[in-house]
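*Asks:* below is the sequence, then the predicted model.
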Amino acid sequence: MKLIATFNTNSIRARQGLISKWLKSRDCHLLCIQETKVQDKDFPVSTFEELGYHTYFKGQKSYNGVAIISKEPLKEVSFGFDDGQDTEEDLARLIRAQWDGFYIINVYVPQGRALDHPNFTKKLLWYDRLLECLERAYKPTMPIFIMGDFNCAPEPIDVYAPERKKDHVCFNESVREAFKRLLGWGLVDCFRAFDPSPNKYTFYDYRVPKAVQRGLGWRIDHILATEVALGHVKECYIDLEPRLWERPSDHTFLCAKVKSGAY
């Protein structure tokens, strides 16, 4: 069995110590990272190479940024949708590769800011482009994991006080419908396939006092899988402990234990 995971780091340089501690204590084989907030020249490659990981990344100064670190070398690594419309921001929000018999897609979906903000329109378009990318480059019969920060709580069970969140960019009906369309292509929410219980979250806002202790969170980080990939998953869970470590991200790690060798 191999452990794969996703984590929004909210600055890779600020969190490299925390990630290193987590990698060493969990024996993770592949980690998808979002919001690295660093130019490529400043990515802390040596930190992870010293732990035995290969690193693949694309970033921007102070914003966005995605990375995959893996014990095994990745194959066919690419960035963006490859739809002729990719911007520098798109390249720093989407990385695709092959790993150990699986297709890995690491996403950092735009947050959206506000329902009447142009960034929210961009967010919905981003979901459409991701779906078009799947339709163009993949098939639901392939062993695929799509992992990352989707900035969407899909169901009321996935956010505290959902009755007050209807106009939030991460819970508004339009973004939830976009998420459902993505699932409709042929994907399964791995966490919910194993755990239907409430009050399980991956994100706890810094600005909310004692958010973790009070259970005031959101489940906006996801591992989605095709049915054939899900057949290799033996467990999917939220590792909440690192959110309580010193200098944490506002997100924590979402993990899956996977039997390797899908093809």
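*Replies:* The structure has been received and is ready for your questions.

*Asks:* what about the closest residue to residue 12 other than its chain neighbours, how many neighbours?
*Replies:* On the basis of CB to CB, 6 or more residues apart in numbering, the spatially nearest residue to residue 12 that is not a chain neighbour turns out to be residue 36, at 4.0 Å. Where you see a C-beta, it was placed from the backbone N, CA and C, and this is true even at glycine. Counted by other CB atoms under 10 Å, the residues lying close to residue 36 total 29.

*Asks:* most centrally placed residue in the chain?
*Replies:* Within the chain, the residue whose C-alpha comes closest to the C-alpha centroid is residue 148; the distance, by CA atoms, centre = their mean, is 0.8 Å.

*Asks:* looking at this structure, which helix is longest?
*Replies:* Longest helix in the chain, counting residues (DSSP state H): helix 118-137.

*Asks:* C-alpha coordinates for it, PDB please?
*Replies:* Extracted as PDB, the C-alpha positions of helix 118-137 are listed here (Å, rounded to 0.1, in the frame of the first residue of the first chain):
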ATOM      1  CA  PRO A 118     -15.100  38.700 -12.200                       C
ATOM      2  CA  ASN A 119     -13.000  36.000 -10.400                       C
ATOM      3  CA  PHE A 120     -16.200  34.100  -9.600                       C
ATOM      4  CA  THR A 121     -17.100  33.900 -13.300                       C
ATOM      5  CA  LYS A 122     -13.500  32.800 -13.900                       C
ATOM      6  CA  LYS A 123     -14.000  30.100 -11.200                       C
ATOM      7  CA  LEU A 124     -17.000  28.600 -12.900                       C
ATOM      8  CA  LEU A 125     -15.200  28.800 -16.300                       C
ATOM      9  CA  TRP A 126     -12.300  27.000 -14.700                       C
ATOM     10  CA  TYR A 127     -14.500  24.200 -13.800                       C
ATOM     11  CA  ASP A 128     -15.900  24.000 -17.300                       C
ATOM     12  CA  ARG A 129     -12.300  24.000 -18.700                       C
ATOM     13  CA  LEU A 130     -11.300  21.200 -16.400                       C
ATOM     14  CA  LEU A 131     -14.300  19.100 -17.500                       C
ATOM     15  CA  GLU A 132     -13.400  19.800 -21.200                       C
ATOM     16  CA  CYS A 133      -9.800  18.800 -20.500                       C
ATOM     17  CA  LEU A 134     -11.100  15.500 -19.100                       C
ATOM     18  CA  GLU A 135     -13.300  14.900 -22.100                       C
ATOM     19  CA  ARG A 136     -10.500  15.700 -24.500                       C
ATOM     20  CA  ALA A 137      -7.500  14.000 -22.900                       C
END
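
*Asks:* circling back: what distance do you get for the residue nearest to residue 12 to residue 224?
*Replies:* Residue 36 sits 21 Å away from residue 224, going by CB to CB, to the nearest Å.

*Asks:* about what we covered before: who does the longest helix of the chain touch, helix- and strand-wise?
*Replies:* Under the contact definition 3 or more CB pairs under 8 Å, 6 or more residues apart in numbering; DSSP states H and E, helix 118-137 sits against helix 173-184.
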